[in-house]
Structure formats: structure tokens, C-alpha cells
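Chemist: Got a predicted structure plus its sequence, pasted below:
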Amino acid sequence: GVALRQGAAQVFLYGLEPASLMDELGCKSWGNNTLFVADDDWRIRAPTAAYHAARMLNRDWVGQPDKPHELFAATVAGASKFGLDRVSAFPLRLPDGRWSLLLLNKDPVVDYRLRVEFRAGDRRTPAAGPLEVVRFSGAQYRWEPAGKRGHPTVNRGPQVSTEPGLPIDLPPYSIQIVRL
């Protein structure tokens, strides 16, 4: 979202083949920004959080890649801490005229409750339900750090629901797509 908002025409993520975990920085937990964790024979052991997030961005946020979309600027009031934005929002106007809103809660412990409104000049229009919501948080994915054998202990993939309306609740460390 940030790269596109700053003028990039497109972005790419490489990591399609399964990969084993690495201990490059001597961290407490091994890792790899791969889509699939592999065993020693390069067989997929499990999809990772990166896989689920990439799938959400492509399928749920953007949807129709063959038609033009419009990315708009957004601000999130009250979600800064120590000068850092804890919540980011990326509104996308879809080819069919609907809105698809990507919400990222980067705070490790704080839930946020958001109300969405669209502004054009002095005019404010609150978003209304029903809302199609796709959520990915600690309830859907948890990582067990176990060195080379690290693995997800919960790996359900994103939760899909229809919500009656606002506000939108964002759990800690979560990605959420809201279509309205």
C-alpha cells in the first residue's frame, strides 16, 4: 500500500517455492519471509502468515486485477504512539464502484475500534453496513518458535464474515479487509 501510495505502478513479492527457516541474525526465533515453510526435503510443511496476507491482498482487497482501481489517501485519528502510526488504512475504489479498505493494526497489544467516513471537501459521509470483512490475526495464526523446527500452532487462514456495520474492531497485529 505505501509503495503504491508513493507512486509505484506495481509491487512484487518473491518467495513462491517452499523454503526452510534460517537463523541469520542470531535471533531468539528462526524465520524466513517465505510463503511456505519446507522440511529438509523441500516439501511444504505449512503456509506462513506471509502466504495468508499475500492472498488477502490479491484476492480480497484488490479482487479484479485486469481492470483499473483507484487508491486514495486515508488518515486514522488517534492511532499514533511515540510518533509512529499504529494503524494504517488504504482505501481502494474497485472497478465496480465499491470500496475495499485495507486496515493494518501494527500494535502488538492494543485493539482499535474504528469508524469509517468518507470526506470530500467539507462533506462527510459515514460508511454504512452491511460490511464484508476478511480478518487475519492471532486468532487465525500463531507461530511456535522452535529453531529450525519452528511452525504455526494455529493456521486457519483468514476469517470471513458479514458485519452489520460500524464500528470495526481491529485486534492486535492484524490485517483486515473491509468491503462496503
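Modeler: It's in.

Chemist: all contacts plus neighbour counts: C-alpha atoms, from now on.
Modeler: Noted.

Chemist: how about low-confidence regions in this structure?
Modeler: 1-2, 4-5, 15, 26, 79-84, 120 (pLDDT under 70).

Chemist: hmm, try it at 80
Modeler: 1-17, 24-33, 65, 75-85, 117-121, 123-126, 129 (pLDDT under 80).

Chemist: Which stretches in it count as helices?
Modeler: Counting by DSSP state H, the chain has helices at residues 2-5, 49-55.

Chemist: Just give me how far stretch 138-148 sits from the chain centre.
Modeler: Between the centre of stretch 138-148 and the centre of its chain there are 17 Å (CA atoms, centre = their mean, to the nearest Å).

Chemist: what about stretch 67-77, how long is it end to end?
Modeler: From its first residue to its last, stretch 67-77 covers 31 Å (CA to CA, to the nearest Å).

Chemist: Run through who's touching it.
Modeler: Residues outside stretch 67-77 that contact it (CA atoms under 8 Å, 6 or more residues apart in numbering) are Leu4, Arg5, Val62, Val87, Ser88, Ala89, Phe90, Pro91, Leu92, Arg93, Leu94, Pro95.

Chemist: Count the neighbours of the nearest residue to Arg113 once chain neighbours are set aside for me.
Modeler: Using CA to CA, 6 or more residues apart in numbering and skipping residues adjacent in sequence, the residue nearest Arg113 is Asp169, 4.5 Å away. Neighbour count of Asp169, defined by other CA atoms under 10 Å: 13.

Chemist: Surely Asp169 and Arg115 touch.
Modeler: No: if you go by CA atoms under 8 Å, Asp169 and Arg115 don't touch, sitting 9.1 Å apart.

Chemist: Test my guess that Ser29 contacts Ala146.
Modeler: Yes: between Ser29 and Ala146 there is a contact at 6.8 Å, judged by CA under 8 Å.

Chemist: Tell me which of the two has more neighbours.
Modeler: Higher neighbour count among Ser29 and Ala146: Ser29, with 17 against 11, using other CA under 10 Å.

Chemist: Leaving out sequence neighbours, find the closest residue to that one.
Modeler: Nearest residue to Ser29, sequence neighbours excluded (CA to CA, 6+ apart): Pro145, at 5.2 Å.

Chemist: got the contact list for the one you found?
Modeler: Here Pro145 is in contact with Lys28, Ser29, Trp30, His151 (criterion: CA under 8 Å, 6+ apart).
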